[in-house]
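[1] just coords:
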Ligand SMILES: C=C(CC[C@@H](C)[C@H]1CC[C@H]2C3=CC[C@H]4[C@H](C)[C@@H](O)CC[C@]4(C)[C@H]3CC[C@]12C)C(C)C
Ligand SMILES: C[S@@+](CC[C@H](N)C(=O)[O-])C[C@H]1O[C@@H](n2cnc3c(N)ncnc32)[C@H](O)[C@@H]1O
């Protein structure tokens with residue numbers, strides 16, 4: 001090979017590698033680099049075992065008998081996925097409708113701001129984020145509304161990530177993060193001016209338990225908005241394809257059984273809320289929320305190769321490859337759920353805690 005051919009081959013290889021790693025990934029808002037992928041609070045050598053335990057618990061979600069164990073497995077799930085989510089999706093762990101002419105990042109922020117706009121809170125108000133993740137929505141909401149946000153998550157690794165991001169964004173005075181279970185919150189009765197949850201209460205085995213807790217900590221007259229993961233009116237329990245898609249979503253997302261959209265308002269009323277509004281935000285004219293998942297397919301292949309190489313080199317924990325494979329498959333079930341219309345991750349419900357029990 002003469003030197004010109006060698007030079008051209010090397011340039012092509014370098015260009016290809018740059019394109020594969022940098023250009024294909026540039027649409028994502030990176031909070032992480034591939035070399036930093038971990039199993040959250042799980043020790044590196046235990047990640048694979050923990051993944052196996054998670055998988056055998058959630059493989060058949062409908063058969064989960066001991067609901068008391070669900071929060072602990074949800075915690076394990078977030079140890080396993082938090083870095084991959086941040087790396088491949090961003091700091092907001094939820095979907096949003098696509099908006100023509102706007103980036104995913106802008107569409108995400110608009111979806112988050114809509115939640116706090118519905119709460120009608122004033123700057124300085126104290127609001128609760130039930131299931132806050134690493135705080136993407138919390139920071140957008142605090143910056144947009146001027147409210148003080150208190151987030152709760154069951155996963156300690158997420159608390160550390162969220163606190164780090166809050167500080168970096170200069171929002172640590174306005175945003176507080178607490179590690180705890182939203183089924184038994186460490187907050188006083190009547191202590192919040194508003195509350196929201198974004199794609200988080202779907203992890204609760206009994207919705208009434210989390211809604212009951214949110215009701216308890218809200219001041220009388222305060223509002224609560226939630227974006228719920230539910231099956232829609234198009235879901236047919238007797239259709240094996242529908243069942244396969246929903247079970248695929250449940251087991252890849254640590255869900256102890258998806259609820260039907262009709263159940264949400266029932267539960268809200270049962271715990272004492274007044275239901276003000278309910279709407280599936282995925283319905284037209286909204287643009288599909290799943291296009292972002294579908295568009296990412298080539299990047300997922302690149303990610304899989306990268307993770308496999310990093311695990312092989314001993315840089316990433318071995319189990320991360322299995323977790324990534326599970327997410328890969330889950331992305332497909334979520335897309336099918338969206339395309340068939342049998343599932344939505346954004347069934348919005350707006351509720352009020354009455355001024356007094358008799359109102
Ligand atoms: C609300 C929940 C999480 C919703 C989404 C944020 C995540 C659901 C599925 C996740 C992903 C699937 C495929 C991954 C891909 C294979 C990887 O290379 C990069 C990350 C993914 C895109 C990942 C990102 C987050 C999700 C879209 C649930 C849990 C209630
Ligand atoms: C899909 S993430 C959404 C996070 C955040 N709302 C966002 O949109 O970025 C779900 C969140 O709910 C939290 N969660 C699930 N079950 C919980 C529980 N029992 N108590 C507290 N947090 C819980 C998880 O730890 C995670 O932070």
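    Looks like it arrived, so ask away. What you are looking at is a predicted structure, and each value in this text was computed from that prediction instead of being measured. Ligands and ions are numbered 1, 2, ... in the order given.
[2] strand partners of the longest strand that the chain contains, parallel vs antiparallel please.
    What stands out as the longest strand in the chain, according to DSSP state E, is strand 218-231. Sheet partners assigned to strand 218-231 using DSSP bridges are listed as strand 192-198 (parallel), strand 259-260 (parallel), strand 343-352 (antiparallel).
[3] check whether the longest one contacts ligand 2.
    What that stands for is strand 343-352. No - no part of strand 343-352 sits near ligand 2 under the criterion C-beta under 6 Å from any ligand atom; the closest distance found is 9.2 Å. The way it works is simple: take the backbone N, C-alpha and C, and place the C-beta from them, glycine included.
[4] and that strand, how far from the chain's centre?
    Its chain's C-alpha centre and that of strand 343-352 lie 15 Å apart, by C-alpha atoms, centre = their mean, to the nearest Å.
[5] that older thread, in the longest strand of the chain, which residues are buried?
    218, 222, 223, 224, 225, 226, 227, 228, 229, 230, 231 (16 or more other C-beta atoms under 10 Å).
[6] identify the residues contacting the third one.
    It stands for residue 223. By C-beta atoms under 8 Å, 6 or more residues apart in numbering, the contact set of residue 223 is 118, 119, 120, 194, 195, 276, 350, 351, 352, 353.
[7] near ligand 1, which residues of the stretch 101-250 of the chain?
    Within the stretch 101-250 of the chain, the residues that sit near ligand 1 (C-beta under 6 Å from any ligand atom) are 199, 202, 229.
[8] wait, the first one sits on residue 227?
    What it means is residue 199. Yes - contact criterion C-beta atoms under 8 Å: residue 199 and residue 227 qualify, at 5.6 Å.
[9] quick one: common contacting residues for the two?
    By C-beta under 8 Å, 6+ apart, the residues touching both residue 199 and residue 227 are 94, 345, 346.
[10] quick check, nearest of those residues to ligand 1?
    Using C-beta to the nearest ligand atom, residue 94 comes nearest to ligand 1 of these, at 5.3 Å.
[11] in a helix, that's where that closest one is, yeah?
    No - under DSSP: H, G, I helix; E, B strand; the rest coil, residue 94 sits outside any helix and is assigned coil.
[12] just checking, it touches residue 197?
    No - in this structure residue 94 lies outside contact range of residue 197 using C-beta under 8 Å: 10.2 Å.
[13] give me the more crowded residue out of the two.
    Neighbours were counted for residue 94 and for residue 197 using other C-beta atoms under 10 Å; residue 197 has more, 26 against 21.
[14] the chain against ligand 2: which residues are in contact?
    Within reach of ligand 2 by C-beta under 6 Å from any ligand atom, the chain has these residues: 71, 74, 78, 92-94, 131-133, 136-137, 152-155, 158, 181-183, 198-200, 203.
[15] longest helix in the protein, please.
    helix 319-340 (DSSP state H).
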